[in-house]
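Enquirer: model this:
(chains A, B, C, D, E, F, G, H, I, J, K, L, M and N)
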There are 14 protein chains.
Amino acid sequence: MDNMTIIAIVSIFTAGITIAIGVIGPALGEGRAVATALTSLAQQPDAAATITRTLFVGLAMIESTAIYCFVVSMILIFANPFWNHVISLTTGK
Amino acid sequence: MDNMTIIAIVSIFTAGITIAIGVIGPALGEGRAVATALTSLAQQPDAAATITRTLFVGLAMIESTAIYCFVVSMILIFANPFWNHVISLTTGK
Amino acid sequence: MDNMTIIAIVSIFTAGITIAIGVIGPALGEGRAVATALTSLAQQPDAAATITRTLFVGLAMIESTAIYCFVVSMILIFANPFWNHVISLTTGK
Amino acid sequence: MDNMTIIAIVSIFTAGITIAIGVIGPALGEGRAVATALTSLAQQPDAAATITRTLFVGLAMIESTAIYCFVVSMILIFANPFWNHVISLTTGK
Amino acid sequence: MDNMTIIAIVSIFTAGITIAIGVIGPALGEGRAVATALTSLAQQPDAAATITRTLFVGLAMIESTAIYCFVVSMILIFANPFWNHVISLTTGK
Amino acid sequence: MDNMTIIAIVSIFTAGITIAIGVIGPALGEGRAVATALTSLAQQPDAAATITRTLFVGLAMIESTAIYCFVVSMILIFANPFWNHVISLTTGK
Amino acid sequence: MDNMTIIAIVSIFTAGITIAIGVIGPALGEGRAVATALTSLAQQPDAAATITRTLFVGLAMIESTAIYCFVVSMILIFANPFWNHVISLTTGK
Amino acid sequence: MDNMTIIAIVSIFTAGITIAIGVIGPALGEGRAVATALTSLAQQPDAAATITRTLFVGLAMIESTAIYCFVVSMILIFANPFWNHVISLTTGK
Amino acid sequence: MDNMTIIAIVSIFTAGITIAIGVIGPALGEGRAVATALTSLAQQPDAAATITRTLFVGLAMIESTAIYCFVVSMILIFANPFWNHVISLTTGK
Amino acid sequence: MDNMTIIAIVSIFTAGITIAIGVIGPALGEGRAVATALTSLAQQPDAAATITRTLFVGLAMIESTAIYCFVVSMILIFANPFWNHVISLTTGK
Amino acid sequence: MDNMTIIAIVSIFTAGITIAIGVIGPALGEGRAVATALTSLAQQPDAAATITRTLFVGLAMIESTAIYCFVVSMILIFANPFWNHVISLTTGK
Amino acid sequence: MDNMTIIAIVSIFTAGITIAIGVIGPALGEGRAVATALTSLAQQPDAAATITRTLFVGLAMIESTAIYCFVVSMILIFANPFWNHVISLTTGK
Amino acid sequence: MDNMTIIAIVSIFTAGITIAIGVIGPALGEGRAVATALTSLAQQPDAAATITRTLFVGLAMIESTAIYCFVVSMILIFANPFWNHVISLTTGK
Amino acid sequence: MDNMTIIAIVSIFTAGITIAIGVIGPALGEGRAVATALTSLAQQPDAAATITRTLFVGLAMIESTAIYCFVVSMILIFANPFWNHVISLTTGK
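Expert: Predicted coordinates for the structure are as follows:
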């Protein structure tokens, strides 16, 4: 049962660390993008449509990098192929 | 019972660290967004509606990255599949 | 009793570290938001109502990330499911 | 008695580190807020009432994050549930 | 079975760390690019077409570096040649 | 006597580190506040009364975070409940 | 089989770390280049052709450094001469 | 005699580190305050009295945080209650 | 065979780390150079020929430092004299 | 004699580290103060007397923090109470 | 053969790290120099000859520091006196 | 003879590290002071006498912190009281 | 032969690290000096002679610090007195 | 012979690290000083004599801190009192 435990703890730890570190960059990047959007809106209210559209495309792009991390984190917790392999071994299935 | 303990401590530690580190980026990013919103409001009070709306959409987007961390942290404490597996093994269920 | 002790020390340590690290980001973010609010008030005293309202919504949003950490920290000290499980095992309940 | 000692030293160490690290962010954030308040006062002395009021609300908000750390630190020293549990075990109460 | 476990935990840990660290740079870079795009749009709304096109080519280029990391991370989880080799050895295939 | 020694050294080390690290933030924050106060005084000598009063309230607020650390540090040296408990055990009182 | 395992885990870990760290620089550099390109386009729309051409040559140059890392990472996973040597030894080929 | 030695070396090390780290913040903060004082004096020589007075109050406040560290450092070297306790034990007093 | 393995893993690890770290500097440096080239082009389109030529010479110079790292990395993987020596020893050639 | 040696090496190491780290802050702070003094002198040569006097008071204040470190460092080398205690024990005095 | 292996791995590792770290400074320095050259060319196209000449002399000077590292790295791989000494010992020459 | 060796190596290592780290702050501080002196001279050549005099007093003050480190470093190499004590013990003097 | 090997690996590692770290400062410093030289040339082409002469004297001064490191690195590889002493011992000369 | 070897490796390592770290500060400081000298020359060519003289005095002052490190480094390699003591012991002189 030892192997199972080790894989479990590494999966838990990596899942947490991945999302924790992976979120720093996107959050700062989005903060910067939103901040400039607001400055631009205040400076040129007439271009609100273009600015907002470009902002949302950009945010989606940046959010995608955070979602990569969330996906990897969820895979490690709920669909971990290594864990599944070990479980199938120990249960003799 | 050793395995159970190890999984428990790793879950506890990871849950805390995940939310602690994961909150730095969003908090700074939101601080920046709110700060620019206030500057923009002072500069162009007439565009308050557009600015506020864009700000809230942006804050929601950034807050979402903090919530990813909070979700992972809560999963590790209250719905940890590895812990459940080990408990079910030891209780013979 | 060893297992119990290990879980206790990890809970103590994580509870402290979580709130300590988790507070850095929000405190800096709020400091920045408040600072800009004051600059904006000085620059455009007429918009005080809008600025103050936006500031408080923003502060609440940022404070929420600090509260996530505080919640996790309190859960680890006073409502720790892993600790409860171990206690219930040792007391034979 | 070993378990008791380990819990004691972890509590001591965590209590100190929590308040030490947790104070950095609030202190810098408050420093920034106060600094901008002074600039704003010098720039717009007529808005002193609004600025001062907003400053104090903001400082209270930021100070609250430092107080979270102080609360956790005090709990770990004077109302530590893990320590109490261990003491009650060793004294046979 | 020991070898298998070691390879598994290293793969899990590396997969998480790779995407977590690898996302910081692209997210910040994209945040900067989007931010400047918004400033430029506010400053020169007439050049919106050229700016938007250049922005998207640039974002794609930056996103490509994040995708390198995601590809490596996915390879390590689902198409790991070292893991496959070890599995084929242990199952005697 | 070993337990006593370990608690002693951890208390000594934590007491020192707590005040050493905990002082960095407040000192920098106060330096910033004082610096801006001087700039503001030079810029608007007529508002000296308001500026000075706000400065002192702000400094007191920031100093309070340094005092939290000093209090914890003094508690650990002179009123350490864990140390007292251990001493009372060894002296048989 | 031990040697094989060690080489495998070092290859896995290095492949991930190489691309993860190696991507930070290029992503930030490209973000900066794209950002300035957008500023320049907004400032001098007439020079769009020259600016875009220079930007793409520059991006290709910077991307090349990221590709060095990707190449090394792929070589370590799929064409690792050390791994091949060890495999050929153990299989007796 | 071992316990005595351990407490001695921890006291020595902590005393040095406490003052060394604790001095960084105050020195930088004071440097900043003095620097702005000089700028302000050059800009508004007529307000020299107010500026100098505010500067000295501020410097005293910042210096106080350095003195906290010096006090703890001196206590650890010359009035260390843990050391005194151990000495009184070994000398049988 | 142990010596061979150790040399192999050190070569693998060093090859990856060398190119990963070695690429940070050049990528940032090139990003800066390209960025300024674009600013200069927008500011002085008439000097495009001189600017482009100087840019390419500069980029080549900076790229050369990245290539040093790539060369060392490739030597360590494919033309490693230490590895060749050890192989020739073990194969008895 | 072992205890003596350990105390000696910790004293040596701490003495060096204390002054080395403790000097960074004051040196940077003084550099900043002197730099601003020179700018102020160039800007307002008539206020040379006030500026120079304030500068020297400020430098003395900052230097005092460096001297705290030097004092602790010298105490640890030449008037170390722990070392004296141990020596007096070993020489039987 | 052990000594030989240890020297080999230290040489490999040091060769890689030397060029990897040693390249950061020069690459950033050259990037800065090239960037300013381009700004200067755009600002003063008439001085192109002097600027270009000074730039190339400066780049050569900076590149020389990178070449020091490359030389040491190559010496460690291909003309390592310590390795040669050990080889000559083991081969009995 | 072991004690002697340990004290020797700690003295050597500390002597080197002390001066190496201790020189960073003063060198940067002096660089800043000299740089501003030159700017001030270019801006106000008539005040050269006052500026130069203040610069030299300031440089002497900053240099003094570097000299503290050099003094400690020299004491540790040539007038180390701990080393002398140990030598006098081993030579039986 | 063990002593010889240890001295060899420490010499190799130190030689590489010395030049690698020692080159960062000079490269950045020279990059800054060259960059300002180019700006100055563009701003004041008539003073080219004085600027170039001062630049070269300055570069020589900065390069000298890199050469200190190169000299120490070369001494450690080719004229290492400790290595020579050990070799002369083992060869019985 | 063991003691001798340990002292040798510590001396080698410290000598290299001392000059490597000790050179960072002076090189950056001198780079800054030279850079400002060039700016000042371009701005005020008439004050060339005063600027150059002050620059050289300043550079000599900064270089002196690098020379402290070089001196300590050379002492550790060629005039190491601890090494000499150990050699004189082993050779029976």
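Enquirer: And the helix of greatest length in chain A, what's buried?
Expert: Taking DSSP state H as the criterion, chain A has its longest helix at helix A:48-78. For helix A:48-78, a neighbour-count test (16 or more other Cβ atoms under 10 Å in any protein chain shown) marks A:48, A:50-52, A:54-56, A:58-59, A:61-77 as buried. Using the backbone N, CA and C atoms, a C-beta is placed for each residue, glycine as well.
Enquirer: Which other helices and strands does that helix contact?
Expert: Judged by 3 or more Cβ pairs under 8 Å, 6 or more residues apart in numbering or on different chains; DSSP states H and E, helix A:48-78 is in contact with helix A:2-22, helix A:24-43, helix B:48-78, helix E:2-22, helix E:24-43, helix E:48-78.
Enquirer: and the fifth one, does that touch chain I?
Expert: Spelled out, it's helix E:24-43. No: Helix E:24-43 lies out of reach of chain I by Cβ under 8 Å from any Cβ of the partner chain, never closer than 9.0 Å.
Enquirer: Could you confirm whether any residue of that helix contacts chain K?
Expert: No: counting by Cβ under 8 Å from any Cβ, no contacts exist between helix E:24-43 and chain K, the nearest distance being 15.6 Å.
Enquirer: just checking, what packs against that helix?
Expert: Short answer (3+ Cβ pairs under 8 Å, 6+ apart): helix E:24-43 packs on helix A:24-43, helix A:48-78, helix E:48-78, helix G:24-43.
Enquirer: Could you check the angle the last one makes with helix E:24-43?
Expert: Interaxial angle of helix G:24-43 relative to helix E:24-43 (axes from the mean of the first three to the mean of the last three Cα atoms, to 10 degrees): 10 degrees.
Enquirer: Quick one: work out the angle between helix G:24-43 and helix E:2-22.
Expert: 20 degrees.
Enquirer: now do the second one
Expert: Angle, helix A:48-78 to helix E:2-22, by the same axes, to 10 degrees: 170 degrees.
Enquirer: Now do helix A:48-78: distance to the chain's middle.
Expert: Chain-centre distance of helix A:48-78: 8 Å, with Cα atoms, centre = their mean, to the nearest Å.
Enquirer: and the helix or strand following that helix, what does it pack onto?
Expert: Following helix A:48-78 in sequence order, the next helix or strand is helix A:81-90 (DSSP states H and E). Identification of packing neighbours for helix A:81-90 by 3+ Cβ pairs under 8 Å, 6+ apart yields helix A:2-22, helix E:2-22.
Enquirer: One more pass at 10 Å, please.
Expert: Counting contacts by 3 or more Cβ pairs under 10 Å, 6 or more residues apart in numbering or on different chains; DSSP states H and E, helix A:81-90 is packed against helix A:2-22, helix A:48-78, helix B:81-90, helix E:2-22, helix E:48-78, helix E:81-90.
Enquirer: Pull that helix out as CSV, backbone CA atoms only.
Expert: Taking Å, rounded to 0.1, in the frame of the first residue of the first chain, the C-alpha atoms of helix A:81-90 are listed here in CSV:
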residue,chain,number,x,y,z
PRO,A,81,-3.8,7.7,-14.9
PHE,A,82,-0.9,6.7,-12.5
TRP,A,83,-3.3,6.5,-9.6
ASN,A,84,-5.8,4.5,-11.6
HIS,A,85,-3.1,2.1,-12.6
VAL,A,86,-1.9,1.5,-9.1
ILE,A,87,-5.4,1.1,-7.8
SER,A,88,-6.2,-1.4,-10.5
LEU,A,89,-3.1,-3.3,-9.5
THR,A,90,-3.8,-3.4,-5.7
